[in-house]
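[1] Model the following, please.
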Amino acid sequence: MVVFSCDGCGEVLRKNQVDAHANRCRSCDSVSCADCGVSFYGDDFRSHTTCMTEAERYEKSVYRPPKKQKRNPQEQWMDLIERGASEAPVNLRISIQRLTDLGNVPRKEKQFRNFAANSLNLRGKQVEIVSQIWNFLSGLREKENAEKKRLNEVDKDENQKENESEGKKEHCKEKDAKSSNGNENYIEKESKDDLSSKRVRKTAKKILKKGKSSM
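    Residues are numbered from 1 along each chain as shown. The predicted model follows:
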């Protein structure tokens, strides 16, 4: 999770705390990312979700990123809620931002509705807001899952084409090797045949010479 610091007072803030801090801190004209040091004005900080680490920034070309650990479903859900807080319609944005502060928000609809209604203190007609929040977040989740599936299919097709290409190369190599071996065997056989013929002719000449000398 990206962490910011107020450029006015220096207070360290999580993304979901920036708005509330900006309302009460008179000297907060901008906030800076704790990792990359870039300053953001107004609502620009909302689009800043990832950045370069200290090692990546200073090591540059020799930097080797660590292997990413797979996040569990609950962490992925909380990440989605945080992204949703910046993408949601204006009338839902504050409520979703409050959810990001709570943590461990249920992923299933029934539990989510009860949790959101109680935690956000939504009663009576306001309960409709819970439905709108759920519809928005579940729609966002379906959209992201569809995009992941599409990318996985693209990767699968590319890997399959790459494997087929490698298979063709190996087949050509084997074919060339067999052809080369066949030519070598043929040449070797011809050489043996020529050598055998020379020996036969040489032997025949010797026999003829012996015949003439005996006469």
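
[2] Need phi/psi at L92.
    phi -110, psi -10 (degrees, to the nearest 10).

[3] Report the helix or strand with the lowest average pLDDT across this structure.
    Within the chain, no helix or strand scores below helix 54-59, which has a mean of 55 by mean pLDDT, DSSP states H and E.

[4] After that helix, which helix or strand is next?
    Following helix 54-59 in sequence order, the next helix or strand is helix 73-87 (DSSP states H and E).

[5] Give me the contacts around that following helix.
    1, 15-16, 46-47, 49, 71, 93, 96-97, 99-100, 103-105, 107, 136-137, 140-141, 144 (C-beta atoms under 8 Å, 6 or more residues apart in numbering). All C-beta atoms are positioned from the backbone trio N, CA, C, and that covers glycine.

[6] same deal with stretch 153-163?
    Contacts of stretch 153-163 (C-beta under 8 Å, 6+ apart): none.

[7] so where is this structure shaky, pLDDT-wise?
    When residues are selected by pLDDT under 70, those of the chain lie in 1, 50-69, 167, 171, 174-215.

[8] those helices in it, which residues are they?
    18-24, 54-59, 73-87, 90-102, 109-119, 127-214 (DSSP state H).

[9] Sort out which residues of the first one are buried, please.
    Residues of helix 18-24 classed as buried by neighbour count (16 or more other C-beta atoms under 10 Å): V18, D19, H21, A22.
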